[in-house]
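Asks: Give me the fold of what follows.
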Amino acid sequence: DPANTIYPTATVTVSANITVDTRWTANNTYLLSGPIYVNNNATLTIEPGTVIRGNKAIAGSALVITKGAKLIANGTKNAPIVFTSSGGVGNRAIGDWGGIVILGKAANNLPANATAGTAAGIGNIEGLPVSADSEYGGGATPNDNDNSGILKYVRIEFGGYAYQIDKEINGLTMGSVGRNTVIDYVQT
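Replies: The predicted structure follows:
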């Protein structure tokens, strides 16, 4: 019953991009305040049992794993990793926060886009501002074996955010994620 689950109050507020290898521990509860990009080829490791809350008071709060960066969220059956809304009991709803976005370097079928200035095989994920941090795909040199990390025994609650009409991210949004990325036992 995720709408009525009592989650711990956030002890760590994350309001800046993650540019170096970082570890989030289960003895803390994290609050994502705004779109948080894991970039600069950094790895974010999240311990089993960790709770991460998306700040519903800040539009578009989300966790974005950029090309070359990794998310190691390797929960367990008895200690899943939970991403949820910052709303209180009975005050959570779909769209309270953005969710998780994972962007990789694998091939895709996108044509070149002269207006956006992108080569064939390169795109920007819908909803996010167009930048290197929202780019996905390997272009002329795709890597179908790309590895964006591990997402295992993870619950993503109350995600999905519309930045504009028909321009949204979902609880879990992926673009050109390579086959060496592990995604198992994920609930949105």
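
Asks: Give me the neighbour count for the nearest residue to residue 41 once chain neighbours are set aside.
Replies: Here the nearest residue to residue 41 in space, its sequence neighbours aside, is residue 68; by Cβ to Cβ, 6 or more residues apart in numbering that works out to 4.5 Å. All C-beta spots, glycine's among them, are computed from the backbone N, C-alpha and C. The local packing count at residue 68 equals 15, with neighbours defined by other Cβ atoms under 10 Å.

Asks: Could you double-check that residue 68 sits in contact with residue 103?
Replies: No - at 9.0 Å, residue 68 and residue 103 do not qualify as touching, with contact defined as Cβ atoms under 8 Å.

Asks: distance of residue 140 from residue 116?
Replies: Counting by Cβ to Cβ, to the nearest Å, the gap between residue 140 and residue 116 amounts to 16 Å.

Asks: looking just at contacts, which helices and strands does the worst-scoring helix or strand of the chain on mean pLDDT meet?
Replies: Within the chain, no helix or strand scores below strand 161-164, which has a mean of 88 by mean pLDDT, DSSP states H and E. Judged by 3 or more Cβ pairs under 8 Å, 6 or more residues apart in numbering; DSSP states H and E, strand 161-164 is in contact with strand 167-169.

Asks: in the strand it packs on, what counts as buried?
Replies: Buried residues in strand 167-169, counted by 16 or more other Cβ atoms under 10 Å: 168-169.

Asks: Paired strands for that strand, with orientation please.
Replies: Using DSSP bridges, the strands paired with strand 167-169 in its sheet are strand 161-164 (antiparallel).

Asks: Could you give the bridge partners of residue 85?
Replies: Note on residue 85: beta-bridge partners by DSSP bridges are residue 54.

Asks: Thought residue 96 was touching it, still the case?
Replies: Yes - the pair residue 85 and residue 96 passes the contact test of Cβ under 8 Å, sitting 3.7 Å apart.

Asks: Between those two, which contacts overlap?
Replies: 54, 56, 158 (Cβ atoms under 8 Å, 6 or more residues apart in numbering).

Asks: Could you say which of these is surrounded by the most neighbours?
Replies: Neighbour-wise, those (other Cβ under 10 Å) top out at residue 54, 30 neighbours.

Asks: which residues does the spatially most central residue of the chain contact?
Replies: What sits nearest the mean C-alpha location of the chain, by Cα atoms, centre = their mean, is residue 100, with 2.2 Å. Applying Cβ under 8 Å, 6+ apart to residue 100 gives the contacts 62-65, 71, 83, 151, 156, 159, 171-173.
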